[in-house]
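Chemist: Predicted model, plus sequence, below.
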Amino acid sequence: MADLGCGPGRVAGFLAGIGADVRGIDLSPRMIEVARRDHPGIAFEVASMAALPFRDGELAGALAWYSIIHVPQELQDGVFAEFARVLRPQGLLLLAFQVSDSGDEDVVHLRHAYGHEIDLRTRRQSPARMKRRLAEAGFALIAELVRAPIAPEKSRQGFLLAQRMADSGSEIAAAS
C-alpha cells in the first residue's frame, strides 16, 4: 500500500508497525528526508500525487491522510484519476480532510503553526464534492464519517473509504 502525501512518515510508520507493506511519497524533499530518518525500514520517495511512481494497478490500498488539503480544486480530478490508476480493482482508498462549513472549498492561510512561522495554504473540503470526484474517478463509497473537531482542531474532520471499481473484465485479469 502507499501513503500518498506522507509528510514525515508518521502514518506510514504506524502502518509498517502493524505489519503493512507500505511505501510513502511526498512532494517535499525535506519531508521525505525526515521520513527516511525516522522510519529507515520504509521506502519513501519524492513524488507528486498527480504523477505517482507506481505501475497501473500496483497497489492494493492507499491513503491520503490530510494530504488532499494541499491540492487546488482545479487539480483534484486529475489526482483522483491518478489514485484510481495505481489501485487495482477492488483496492481501497482512505481520504482524511478538514470539512468546509460553507459547503464549498475554504482556503485557510496559516502563518504560524507547529511552533514556527510558515506560509501554508490548506483547503477545507466539501464531503459531497469529494464523494462526487471519487465516483467520477471510478470509486464506490464504502463508508463516510464526519466528526466534530477535537481540540486543538478548528473544523470538522471528514473521512471517506472508497473501493476502486473495475472498468472491464480485462482490467481485473491484468491487475491479478
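Modeler: Arrived safely.
Chemist: burial count for the residue nearest to Gly158 when sequence neighbours are not counted?
Modeler: Nearest residue to Gly158 in three dimensions, chain neighbours excluded: Val99, at 4.5 Å (CB to CB, 6 or more residues apart in numbering). Heads up, the C-betas are built off the backbone N, CA and C, glycines and all. Other residues near Val99 number 20, with proximity taken as other CB atoms under 10 Å.
Chemist: Quick check: phi and psi on Val99?
Modeler: The phi/psi pair for Val99 (degrees, to the nearest 10) reads phi -90, psi 140.
Chemist: Does it touch Arg156 like I think?
Modeler: Yes. Assessed by CB atoms under 8 Å, Val99 is found in contact with Arg156 at 4.0 Å.
Chemist: quick one: strands adjacent to the top strand by length along the chain?
Modeler: When the chain is scanned for its longest strand (criterion: DSSP state E), the result is strand 87-98. Neighbouring strands of strand 87-98 in its sheet, by DSSP bridges, are strand 59-65 (parallel), strand 157-164 (antiparallel).
Chemist: Which residues outside the longest one are in contact with it?
Modeler: The set of residues that contact strand 157-164 without belonging to it, under CB atoms under 8 Å, 6 or more residues apart in numbering, is 84, 87-99, 125, 127, 130-131, 134, 138-147, 149.
Chemist: before we move on, the earlier item: which residues does the residue nearest to Gly158 form a beta bridge with?
Modeler: Here Val99, judged by DSSP bridges, has bridge partners Gln125.
Chemist: quick one: the helices in this structure?
Modeler: Taking DSSP state H, the helices of the chain run over residues 10-17, 29-38, 73-86, 127-136, 169-175.
Chemist: So what angle separates the directions of the longest strand of the chain and helix 73-86?
Modeler: With axes from the mean of the first three to the mean of the last three CA atoms, to 10 degrees applied, the angle from strand 87-98 to helix 73-86 works out at 140 degrees.
Chemist: Show me how far strand 87-98 is from its chain's centre.
Modeler: Offset of strand 87-98 from its chain centre (CA atoms, centre = their mean, to the nearest Å): 8 Å.
Chemist: Would you mark the buried spots in that strand?
Modeler: Leu87, Arg88, Pro89, Gly91, Leu92, Leu93, Leu94, Leu95, Ala96, Phe97, Gln98 (16 or more other CB atoms under 10 Å).
Chemist: Quick check: the gap between the residue lying closest to the fourth one once chain neighbours are set aside and Val86.
Modeler: In other words, Gly91. The shortest distance from Gly91 to any non-neighbouring residue, by CB to CB, 6+ apart, is to Arg164 (4.5 Å). Remark: distance between Arg164 and Val86 (CB to CB, to the nearest Å) = 9 Å.
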